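> the following comprises the amino acid sequence and a computationally predicted model.
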There are 2 protein chains.
Amino acid sequence: MPPAIPVDLSHLPPMKDLTTTNITPNVILINNQCPSPRGRYIFERLVTHLHDFARETRLSTAEWMLGLDFLTSVGQASSDLRREMILLSDTLGLSALVDAIDHPRTKESTEGTVLGPFHTHDALEVENGAAVHTDPLGEALFVLGTVRGTDGRAIEGCRIDVWEGDSQGNYDVQYPDRNGPDGRGILYSDKQGAFWFRCVKPVSYPIPLDGPVAEMLRYLGRHPNRPGHVHFFLRKDGYDPLITALYPRGDPHEASDPVFGVKESLIVDYTTVDAEMAKKYGVKEGIAAITYDFVLVTEEETKQLRKQEALQAIKQMGRSLEGFEGLPVLDVD
Amino acid sequence: MPPAIPVDLSHLPPMKDLTTTNITPNVILINNQCPSPRGRYIFERLVTHLHDFARETRLSTAEWMLGLDFLTSVGQASSDLRREMILLSDTLGLSALVDAIDHPRTKESTEGTVLGPFHTHDALEVENGAAVHTDPLGEALFVLGTVRGTDGRAIEGCRIDVWEGDSQGNYDVQYPDRNGPDGRGILYSDKQGAFWFRCVKPVSYPIPLDGPVAEMLRYLGRHPNRPGHVHFFLRKDGYDPLITALYPRGDPHEASDPVFGVKESLIVDYTTVDAEMAKKYGVKEGIAAITYDFVLVTEEETKQLRKQEALQAIKQMGRSLEGFEGLPVLDVD
């Protein structure tokens, strides 16, 4: 590595003798060289909040180091099959918040929830009716969904990613000897907007207890148990992607989910597969069933909603909005 | 891993249907189970700023994922010999800010600056007069310091950690074939408070260009060059530890340091070792020299200053302070 790479310094504001108060505008000033207006705005807010956090807490050097070491350990615990950094975001409520900001819903549409750390990209496409879980210890569950637009019309060919933990509370990726996806599948809705598959009843389970995020929850005196649920990720061109989950009613952790994902509208009651259903879908009569109607919002409607809510939020800050791909950027004054 | 570990849920407030506005008080409520009042306060401010950041920027799912992936990569680039997470904190101005908060100075005392990512724990203790750098390409430099209290009295037996990059702009840890410390040493001040050593003239150098932090600087349009400097870390019982650095005057990057570390009081002029100095310290006449008087603040005085500044900052927030090892905690209302 050569000493000092050649740079043009002529346009830079001089920056020296920074104090606890003047450091923030100066860091923002130097970051404002960023050519992207969106980047400038994001870093302005990031630096402001980061510095305010340190000033308001009077953060000590020891605490700062503890925080950096913690973030480092979360990064180092992360891999394609273990998303510890997402789990950190989940347990701080950031994931649920970002989902709600980015995917505003109408009264008619299905609410979203957190993606969670266990979604993978290696699930296989399966036919409707397939068993997506091999778990021999699990209680059989039949899931029947329909996909519609807010106009009530069936959506055909919607891609539905489903995934869930097993009867022991583990996702496939939590087994060291995993040699492929299990408890996962990708389905497509039929002409009537319907899709159906077999899996196992989800159970409540703790977030991975051997990582830094679980350590943080222990420090905070929080329990680690998520209520049982089945994940759904619905995608169809022209519609806003829907990341959501269904929670069977009655789980003791329903109202204290460590990742803040439960919504009343996503809590479902188990029913039982009757003779007609058994015949129609080729599934065993008498096993537990979940049926749910998923309602998607169009991309266009989502854009409008997102912009409305952004305008409102920026107005509350007493600032003005410049459009940039629908996301706010720094006002020029 | 067993499903759901047994927990007492009876005392928990119910938490469901969280929206973009009510999620913040609810996350704070559940975090307030933390038995440490300091922990409760830090997490209250952390969650508030994290959520406000997302709300004010209308953070998109794609940007959120980019941010998490970036933090993960910073964690994964970090090791004992490469502190990329510290570098991130440095380049966002957080390190300089935390140092200023935690180590308030009086008018008489030496200003502190960032520790930086290149301090290690394997430097060897050397006698005064030793050469702490073997770099054969470097220009010889003699450093003579004294350590005093704000009362002007010499401090004997102060432990002084020194470290610097070489003539190529690299620290020892940046060489893959490093087999021990170089450009580092630990000295102790003598009865007169003096310490002295030989090293090489520091040169300006870029922060490591192959990591995620350098990528961030490129995105922001910022240059990566630190002005040349020699690091000092002074420790003596009864005094506040002083982490600082000396910057030889005239470096072109003096006023645009990417880690915001330069202070006018830490800029020094090179002098030349004269005959008397050469004889007294056993060093070659005619080589470059730096002399500097380091002034330490007592632990007690630092505590008082820290508390005064904390009281002021908390008052500005319109909140009240409860003492907890001198650091603010959440007010009870």
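Structure's in. What do you need?

> going forward, measure contacts between C-alpha atoms and count neighbours the same way
OK.

> the longest helix along chain A to helix B:37-57, inter-axis angle?
In chain A, taking DSSP state H as the definition, the longest helix is helix A:37-57. Put simply, helix A:37-57 runs at 160 degrees to helix B:37-57, going by axes from the mean of the first three to the mean of the last three C-alpha atoms, to 10 degrees.

> send the alpha carbons of helix A:37-57 over as PDB?
In PDB, the C-alpha atoms belonging to helix A:37-57 read as follows (Å, rounded to 0.1, in the frame of the first residue of the first chain):
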ATOM      1  CA  PRO A  37     -28.700  13.100  -2.500                       C
ATOM      2  CA  ARG A  38     -30.300  10.100  -0.800                       C
ATOM      3  CA  GLY A  39     -26.900   9.000   0.600                       C
ATOM      4  CA  ARG A  40     -26.300  12.500   2.000                       C
ATOM      5  CA  TYR A  41     -29.700  12.500   3.700                       C
ATOM      6  CA  ILE A  42     -29.200   9.000   5.200                       C
ATOM      7  CA  PHE A  43     -25.800   9.800   6.500                       C
ATOM      8  CA  GLU A  44     -26.900  13.200   7.900                       C
ATOM      9  CA  ARG A  45     -29.600  11.500  10.000                       C
ATOM     10  CA  LEU A  46     -27.200   8.600  10.900                       C
ATOM     11  CA  VAL A  47     -24.400  10.900  12.200                       C
ATOM     12  CA  THR A  48     -26.900  13.100  14.000                       C
ATOM     13  CA  HIS A  49     -28.500  10.300  15.800                       C
ATOM     14  CA  LEU A  50     -25.300   8.400  16.500                       C
ATOM     15  CA  HIS A  51     -23.700  11.500  18.000                       C
ATOM     16  CA  ASP A  52     -26.800  12.500  20.000                       C
ATOM     17  CA  PHE A  53     -26.900   9.000  21.400                       C
ATOM     18  CA  ALA A  54     -23.300   9.400  22.700                       C
ATOM     19  CA  ARG A  55     -23.900  12.900  24.000                       C
ATOM     20  CA  GLU A  56     -27.200  12.100  25.700                       C
ATOM     21  CA  THR A  57     -25.900   8.900  27.400                       C
END
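
> counting by contacts, list what it packs against.
Counting contacts by 3 or more C-alpha pairs under 8 Å, 6 or more residues apart in numbering or on different chains; DSSP states H and E, helix A:37-57 is packed against helix A:23-31, helix B:37-57, helix B:94-102, helix B:299-316.

> any idea which of these is most buried?
Comparing these by mean neighbour count (mean count of other C-alpha atoms under 10 Å in any protein chain shown), helix B:94-102 ranks first with a mean of 25.

> now that helix: mean pLDDT?
For helix B:94-102, the mean per-residue pLDDT is 95.

> likewise stretch A:164-180?
Rounded mean pLDDT across stretch A:164-180 is 93.

> what about it, start to end distance?
Using C-alpha to C-alpha, to the nearest Å, the end-to-end distance of stretch A:164-180 comes to 15 Å.

> name the residues of that stretch that are buried.
Using 16 or more other C-alpha atoms under 10 Å in any protein chain shown as the test for burial, stretch A:164-180 gives A:164, A:165, A:166, A:167, A:168, A:169, A:170, A:171, A:172, A:173.

> hmm, back to that, the longest helix of chain A: what's the following helix or strand?
Helices and strands here follow DSSP states H and E; after helix A:37-57, the next one along the chain is helix A:61-77.

> check the offset of that next one from the chain's centre.
Offset of helix A:61-77 from its chain centre (C-alpha atoms, centre = their mean, to the nearest Å): 23 Å.

> taking helix A:37-57 as reference, get the angle to it.
Computed with the same axes, to 10 degrees, the direction of helix A:61-77 lies at 130 degrees from that of helix A:37-57.

> so which of the buried residues of stretch A:164-180 comes closest to residue B:153?
Of all the buried residues of stretch A:164-180, residue B:153 sits closest to residue A:173, with 63.2 Å by C-alpha to C-alpha.

> quick one, what contacts the closest residue to that closest one other than its chain neighbours?
Closest residue to residue A:173 apart from its sequence neighbours, by C-alpha to C-alpha, 6 or more residues apart in numbering or on different chains: residue A:81 at 5.8 Å. With contact set as C-alpha atoms under 8 Å, 6 or more residues apart in numbering or on different chains, residue A:81 has these partners: A:118, A:120, A:173.

> which element is the first one on?
In this structure, residue A:118 is located outside every helix and strand according to DSSP H and E.

> and residue A:216, how many neighbours?
15 (other C-alpha atoms under 10 Å in any protein chain shown).

> just to be sure, it is in a helix?
Yes: counting by DSSP: H, G, I helix; E, B strand; the rest coil, residue A:216 falls inside a helix.
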